[in-house]
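Visitor: Any chance you can model this:
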Amino acid sequence: MVINTNMSAQSSARLLMESSALLNKSLMRLSSGSKIVSPEDDVAGQAVALRFDAQISRINAAKGNIANAISFSQTQDGFLKKVAKALDRMSELAILAQDVTKTDNDRALYDLEFQTLVDYIKDVATKDYNGVSLFDGATLSVTIDSDGNTFNMTGVDLGASAYAAVLSGTEVTTTTNAATALDRVKAAIVQLSTDRATVGANVARLMYTSDQLGVLKDNLTSANSRIKDVDVAEESTQFARYNILVQAGTAMLAQANAVPQMVLRLLS
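Guide: Numbers count the residues shown, from 1 in each chain. Okay, here's the model as predicted:
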């Protein structure tokens, strides 16, 4: 029996330290909700989770871009609906101005309303959305995924020839002018129907993409959770196990430290 070297105490102390470290690790996992509380817990898992986190953040940003592009297109369509009503009324005025029972004075009154509607359409053509023109015909590239791929959203141009013909010098002051105005307005209505269809197609495409990103985000989040999130039931069981080991180790270390005192009996 030796005094200077107590192997039982050293072993008990080492095992107690290991159990204490495991207990602290389990406590951190339960308190944080994450089973990766330090890099050595899962080196590869942490690397994958880091990439997933970054990709999910980029997906959220792309969804925001798409949502803004949808709002942009919906704003376009809102204005185009009013332009459609204006063109409908202008075509009606062009027909009314061709009434042979009306005088040119009557037609001048029709033309007054007609020109007011022309000015309204001209004003709509100048509108913008957060500083971006709604109706200059520019194609906008919308980022649609986490890799930066884009969708070219076709623009609407209220300065197109079909609209310009109506907005420049068209009047219904005479039956001849009214007939010309009617042809131009009808052409503008055809162009408007095409433009609204284009806007509708843009919105549909963007909504499908937004839904797709939502599904991708859900799947990535689920995969990320399997890597990072702690199973509370399982970890609670481990915590109880480590807690018992620490208590038992503490008791055994006390017993091991008491063993050298038995030497005193040999010396007495």
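
Visitor: Tell me the secondary structure at residue 141.
Guide: Following DSSP: H, G, I helix; E, B strand; the rest coil, residue 141 is assigned to strand.

Visitor: bridging residues for it?
Guide: residue 152 (DSSP bridges).

Visitor: residues contacting it?
Guide: For residue 141, the contacting residues are 150, 151, 152, 153, by C-beta atoms under 8 Å, 6 or more residues apart in numbering. No exception for glycine: its C-beta is placed from N, CA and C like everyone else's.

Visitor: Buried only: go through the residues you listed for me.
Guide: Among the contacts of residue 141, those classed as buried by 16 or more other C-beta atoms under 10 Å are 151, 153.

Visitor: which residue ranges form the helices in the stretch 101-250 of the chain?
Guide: In the stretch 101-250 of the chain, the helices defined using DSSP state H, counting those that start in this stretch lie at 104-124, 161-167, 175-228, 232-258.

Visitor: of all the ones you listed, which gets the most neighbours per residue?
Guide: Mean neighbour count, computed with mean count of other C-beta atoms under 10 Å, is highest for helix 161-167 among the helices of the stretch 101-250 of the chain, reaching a mean of 18.

Visitor: hmm, back to that, ok, which of the helices of the stretch 101-250 of the chain comes nearest residue 17?
Guide: Closest approach to residue 17 among the helices of the stretch 101-250 of the chain (C-beta to C-beta): helix 232-258, 8.6 Å.

Visitor: so how far is the closest one off the chain centroid?
Guide: Mean-position distance between helix 232-258 and its chain equals 48 Å (C-alpha atoms, centre = their mean, to the nearest Å).

Visitor: ok, the contacts of residue 141 vs residue 245, which is closest?
Guide: Top of the list for closeness to residue 245, among those and by C-beta to C-beta, is residue 150 at 57.1 Å.

Visitor: Name all residues that make contact with the closest one.
Guide: Going by C-beta under 8 Å, 6+ apart, residue 150 touches 141, 142, 143, 144.

Visitor: And for residue 190?
Guide: Taking C-beta under 8 Å, 6+ apart, we find residue 190 in contact with residue 162.

Visitor: Look up phi and psi at the residue most central in space within the chain.
Guide: Centroid-nearest residue in the chain: residue 63, 2.2 Å away (criterion: C-alpha atoms, centre = their mean). With angles defined as degrees, to the nearest 10, residue 63 sits at phi -60, psi -40.

Visitor: how close does it sit to residue 219?
Guide: Separation of residue 63 from residue 219 (C-beta to C-beta, to the nearest Å): 14 Å.

Visitor: How about residue 181?
Guide: Distance from residue 181 to residue 219, by C-beta to C-beta: 57 Å.

Visitor: Give me the nearest residue to residue 22, chain neighbours excluded.
Guide: Nearest non-adjacent residue to residue 22, counting by C-beta to C-beta, 6 or more residues apart in numbering: residue 242, 4.6 Å away.

Visitor: Read off the pLDDT value for the one you found.
Guide: Here the pLDDT value assigned to residue 242 is 79.

Visitor: And residue 264, by the same measure?
Guide: So residue 264 comes in at 64 (pLDDT).

Visitor: repeat for residue 254
Guide: For residue 254, pLDDT reads 77.
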